[in-house]
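> kindly return the folded structure for what I paste below:
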Amino acid sequence: MTVSRPSLVRRALLAAGLVCTFGLAQAQNATRILVGFPPGGGTDAIARIIGERLQQELGSPVVVDNKPGAGGQLAAQALKASAADGHTLFLSHDHSITILPMVTKNPGYDPAKDFVPVAGFATFVNAFAVSNGTPAQSFKAFVDSVKASGGKSTVGIPAPASVPQFLVQVISKQNGLDLVAAPYRGSAPMMSDMLGNQIPAGVASIPDFIENHKAGKLRVVAVMGSQRQAAMPEVPTFAELGLKGFEDVPYYGLFAPAGTPKAALDRLAQAVQKAIAQPDVRDKLTAMGLTVGFMSGEQLGTREQAYGKVWARIIQDSGFQPQ
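Have a look, this model is predicted:
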């Protein structure tokens, strides 16, 4: 049978229309995970591990959307502005959710009113590391070397007014030093300067440091928390070194805009629980220094409140004024 050219054109257009409609439907069904730090850092890597598995559990595309700047503040503001339809999530740790609202006069969002916890999936600890350009092999040796050179030094931190900054202040005060916390736009650029020996030391999460620590490119010399970390058991805790008050550990979780339907939240939480139960996902996160464990949205919210009370006291004692 001979098919006229107009018929072929109509069929081609119809097929193209179906493809476009399918692509649009896929895009509309995609789940977006906002990340407040640039690609290459620990939080970004975690988001991609979680996102890849969530895509399988949800049966629809999951994309990581990096919005670096202001220590995660821009990504948090983007979450607030997003539709509460269950298709936008914010993967964050304690800094953006708990700390920023306490140290910023106008953060542009109120986690208690604008967000709803979906699920928590891991806890982690911050750590103090020295670059290979620093001869000190231990935390005490670093402190002693700074004292010997006049008491002044610079310590990199991934974001201003963050837990790492307050940790640097406490270390400085308790050891009679003049340490300056140098803020970066995320851990990746800070790590670049540490590896290039541009700064002698830095404070960030274990996921940010662990790969270069194991490769011998820098040395983690102390960790927060009440016990040593399985990923680097040779490294002492700050408590062991006499620095008390940093035993409570932060968390990683997923948050959605307030008003997201409960059915959508439940579906997402179940997908997270299934995702982190997979051995490959758990192994990857554990290798990064995380302690993997599921928290419901309610449990994550309770943990967030308790963590906030601890840090409100530390921030107040430091004399820091919201900016």
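> hey, let's count contacts and neighbours off CA atoms from now on
Will do.
> quick one: least confident helix or strand in the chain?
helix 5-29 (a mean of 44; mean pLDDT, DSSP states H and E).
> number of nearby residues for the closest residue to residue 62 other than its chain neighbours?
Nearest residue to residue 62 in three dimensions, chain neighbours excluded: residue 31, at 4.7 Å (Cα to Cα, 6 or more residues apart in numbering). When neighbours are defined as other Cα atoms under 10 Å, residue 31 has 23 of them.
> contact partners for residue 31?
60, 61, 62, 63, 86, 87, 88, 89 (Cα atoms under 8 Å, 6 or more residues apart in numbering).
> top of those by neighbour count?
residue 89 leads the contacts of residue 31 on contacts (other Cα under 10 Å) with 29 neighbours.
> can you list the low-confidence ranges for this structure?
1-28 (pLDDT under 70).
> could you break it into its assigned domains?
9-123+250-318, 126-223 (automatic domain parsing).
> turn those domains into JSON lines, columns for distance to residue 240.
As requested, those are exported to JSON lines (distance: least, Cα to Cα, whole Å):
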{"stretch": "domain 9-123+250-318", "distance to residue 240": "19"}
{"stretch": "domain 126-223", "distance to residue 240": "9"}
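> what are the ranges of the strands in the stretch 1-150 of the chain?
For the stretch 1-150 of the chain, the strands defined by DSSP state E, counting those that start in this stretch cover 31-35, 62-66, 88-93, 115-123, 126-131.
> looking at the contacts of residue 31, spot the one nearest residue 39.
residue 63 (13.0 Å; Cα to Cα).
> distance of that closest one relative to residue 204?
Distance, residue 63 to residue 204, by Cα to Cα, to the nearest Å: 25 Å.
> list the contacts for residue 142?
Listed by Cα under 8 Å, 6+ apart, the contact partners of residue 142 are 130, 134, 136.
> and if you look at residue 272?
So residue 272 contacts 50, 54, 119, 121 (Cα under 8 Å, 6+ apart).
> can you report how many residues lie near the last one?
Meaning residue 121. 25.
> what segments of the protein are helices?
For the chain, applying DSSP state H gives helices covering 5-29, 42-58, 73-81, 94, 100-103, 111-114, 139-148, 163-174, 187-195, 206-214, 262-277, 279-287, 297-318.
> redo these as a markdown table? Include distance to residue 227.
Below are the helices of the chain laid out as a markdown table (distance: least, Cα to Cα, whole Å):
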| stretch | distance to residue 227 |
| --- | --- |
| helix 5-29 | 42 |
| helix 42-58 | 21 |
| helix 73-81 | 31 |
| helix 94 | 20 |
| helix 100-103 | 27 |
| helix 111-114 | 30 |
| helix 139-148 | 17 |
| helix 163-174 | 17 |
| helix 187-195 | 24 |
| helix 206-214 | 14 |
| helix 262-277 | 23 |
| helix 279-287 | 16 |
| helix 297-318 | 18 |
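> closest to residue 36 out of those?
Using Cα to Cα, the nearest of these to residue 36 is helix 73-81, at 4.8 Å.
> which residues make contact with the closest one from outside it?
Contacts for helix 73-81 (Cα under 8 Å, 6+ apart): 34-36, 66-68, 88-90, 96, 100, 107-109, 114-115, 256-258.
> off-centre distance for it?
Taking Cα atoms, centre = their mean, to the nearest Å, the mean C-alpha location of helix 73-81 is offset from the chain mean by 15 Å.
> got the buried residues for that helix?
For helix 73-81, a neighbour-count test (16 or more other Cα atoms under 10 Å) marks 73, 74, 75, 76, 77, 78, 79, 80 as buried.
> list just the nearest of those to residue 146.
Among the buried residues of helix 73-81, and counting by Cα to Cα, the member closest to residue 146 is residue 73, at 33.2 Å.
> and the closest one, how far is that from residue 111?
11 Å.
> OK, contacts around the spatially closest residue to residue 128 that is not a sequence neighbour?
In this structure, residue 128 finds its nearest non-sequential neighbour in residue 203, 4.6 Å apart by Cα to Cα, 6+ apart. If you count contacts by Cα under 8 Å, 6+ apart, residue 203 has them with 126, 127, 128, 129, 155, 156, 157, 158, 164, 168.
> gap between the last one and residue 127?
Applying Cα to Cα, the value for residue 168 to residue 127 is 11 Å.
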